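Chemist: please find the sequence and the predicted model below.
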Amino acid sequence: MYKAHLIQEEDRALFNRFVSTAPRPHFLQTYEWGELKSGTGWLPLRLLVTRGDNPIAAVSLLKRDIPFLGKSILYAPRGPILGKECDPAGEEFFWQEVKKLGRKHRAILIKIDPDIPVSDKTAHEHLKELGLRPSGEKGGFGGVQPRYVFRLDVSSSEDELLAGMAGKTRYNLRLAIRRGVQVRAAESKEDLKTFYNLLIETAERDRFLVRDFSYFDSMWNLFIEQGTARLFLAEYQGEVIAGTLAFYCGDVTWYLYGASGNKRRNVMPNNNLQWEMIRWAKSLDCKTYDLRGVPPTDDPSNPLAGLYRFKKGFGAEFTEFIGDYDLVLSPCWYYLWKKMVPLYLKYTHRKRGQEEMD
């Protein structure tokens, strides 16, 4: 009745179609995201479970070998994906197949961080019943995806969305438009290079690390050229002064990267960029626009408090996810792994420059 399939290139469309039509779609679970991560040291493993001819559950797992141990970890960013027709028996079969795959690849654990809000108490209990445990980690391999985000319901009209914004946000948006800030979609790899240079400038100003240009070049090929992501550029007096990158899957759009130069920040290009991404989400008939990560509060002592207030200003709802859970396949190794994580992170950070796991 139930059957498990390891998905290869020829089944890409089938896999993506299921992910995008599930109740909780996510671009991090698409076939293409696994391809992107394969260039950064991960091996993608994609599992699809069907009942008859109908897909009911899927997961894109990223595998990374642990140096010197002959072991690995598997990570499902914002997964797994369960379909509307996934019954309890089908879900049980799915998890048994996930465990088989993990053991085949000598995994110590399978880490998930599903797209489920913390308010869903039933989901927490259900994960425990399935044998998963909260990771309890605050950094490193814990909190891999943002725990706290702002999400905006974009099913309302544009006028209603504007009315729902904070007064200052709406004022700054209109100020940007009045001063002549124009937003357009990137058209070429030259536009991508312009955005990347702005991203480097942003990283130097705000003190964070950025991946090589080749990573964004792959993003362009895998997502932007396929129409599942868009690079937005804000221009002022003929010069690109800021840019953002957004992805969509199913009925959700996500804001993923933002960059701005050190000049002309007073013309508020970021407000206009966010508005155009919201409008893009609406044009795709999306229900939700996800502004991604923020700190847990707008405590003024937090250096990211301004980011919290900026995203909240668009009328979005603060959302906390349940966090990451571990499916332990080897308890002894798992105990050692929890002890070794700080040392392993030192090794990988030195080697890869604090590479993100998203």
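Modeler: Yes, it's here.
Chemist: from here on, just use CA atoms for contacts and neighbour counts.
Modeler: Fine.
Chemist: buried residues in stretch 257-269, which are they?
Modeler: Within stretch 257-269, the residues scored as buried using 16 or more other CA atoms under 10 Å are 258-261, 267-269.
Chemist: the helix or strand harbouring L14 - contacts with which helices or strands?
Modeler: Of the helices and strands defined by DSSP states H and E, L14 is found in helix 12-21. Helices and strands in packing contact with helix 12-21 are listed as helix 31-38, strand 54-66; criterion 3 or more CA pairs under 8 Å, 6 or more residues apart in numbering; DSSP states H and E.
Chemist: average pLDDT for the shortest one?
Modeler: Averaging pLDDT along helix 31-38 yields 98.
Chemist: narrow the buried residues of stretch 257-269 to those in helices?
Modeler: Counting by DSSP state H, the members of the buried residues of stretch 257-269 that fall within helices are P269.
Chemist: report the two of the buried residues of stretch 257-269 separated the most.
Modeler: Distances among the buried residues of stretch 257-269 were taken as CA to CA; the most separated pair is G258 and V267, at 16.1 Å.
Chemist: what's D217 in contact with, if anything?
Modeler: 189, 192 (CA atoms under 8 Å, 6 or more residues apart in numbering).
Chemist: three-state assignment of it?
Modeler: Under the three-state scheme (DSSP: H, G, I helix; E, B strand; the rest coil), the conformation of D217 reads as helix.
Chemist: now it: how far from L192?
Modeler: D217 sits 8 Å away from L192, taking CA to CA, to the nearest Å as the criterion.
Chemist: now R17
Modeler: R17 is 28 Å from L192, by CA to CA.
Chemist: so the two - more neighbours on which side?
Modeler: Comparing R17 with L192 by neighbour count (other CA atoms under 10 Å), the higher total belongs to L192, at 20 against 15.
Chemist: secondary structure class for the more buried one?
Modeler: Three-state assignment for L192 (three-state DSSP): helix.
Chemist: secondary structure element holding the residue lying closest to E158 once chain neighbours are set aside?
Modeler: Taking CA to CA, 6 or more residues apart in numbering as the measure, E158 lies nearest to R279, with 7.8 Å between them; neighbours along the chain are not counted. Using DSSP H and E, R279 sits within helix 269-283.
Chemist: of the buried residues of stretch 257-269, closest to K104?
Modeler: Within the buried residues of stretch 257-269, the smallest distance to K104 is 39.2 Å, found for G258 (CA to CA).
Chemist: which strand or helix spans the closest residue in space to the closest one that isn't next to it in sequence?
Modeler: With CA to CA, 6+ apart as the measure, T244 is the residue that lies nearest to G258, at 4.3 Å, once sequence neighbours are left out. T244 is located in strand 239-249, with elements delineated by DSSP H and E.
Chemist: need the contact partners of that strand.
Modeler: Surrounding strand 239-249, the residues in contact under the criterion CA under 8 Å, 6+ apart are 20, 25-27, 194-195, 198, 223, 228-235, 253-261, 263-265, 269-270, 273, 277, 281.
Chemist: for stretch 275-285, same thing?
Modeler: Residues from elsewhere that reach stretch 275-285, judged by CA under 8 Å, 6+ apart: 154-155, 158, 173, 183, 232, 246, 248, 251-253, 255, 287-289.
Chemist: what segments of the stretch 101-250 of the chain are strands?
Modeler: Shown for the stretch 101-250 of the chain, the strands assigned by DSSP state E, counting those that start in this stretch span residues 107-112, 132-134, 148-153, 182-185, 229-236, 239-249.
Chemist: looking at these, which is buried most?
Modeler: Burial among those, expressed as mean neighbours by mean count of other CA atoms under 10 Å, is greatest for strand 107-112, which shows a mean of 25.
Chemist: quick one: strands adjacent to it?
Modeler: According to DSSP bridges, the neighbouring strands of strand 107-112, each with its direction, are strand 71-76 (parallel), strand 325-328 (antiparallel).
Chemist: ok, which of these comes nearest S188?
Modeler: Using CA to CA as the measure, strand 71-76 is the one of the strands paired with strand 107-112 that comes nearest S188, at 31.6 Å.
Chemist: helix or strand right after that closest one?
Modeler: Moving toward the C-terminus from strand 71-76, the next helix or strand (DSSP H and E) is strand 81-82.
Chemist: tally of neighbours for G136?
Modeler: G136 is surrounded by 12 other residues when neighbours are defined as other CA under 10 Å.
Chemist: and it, how far from R106?
Modeler: Here the distance between G136 and R106 works out to 23 Å (CA to CA).
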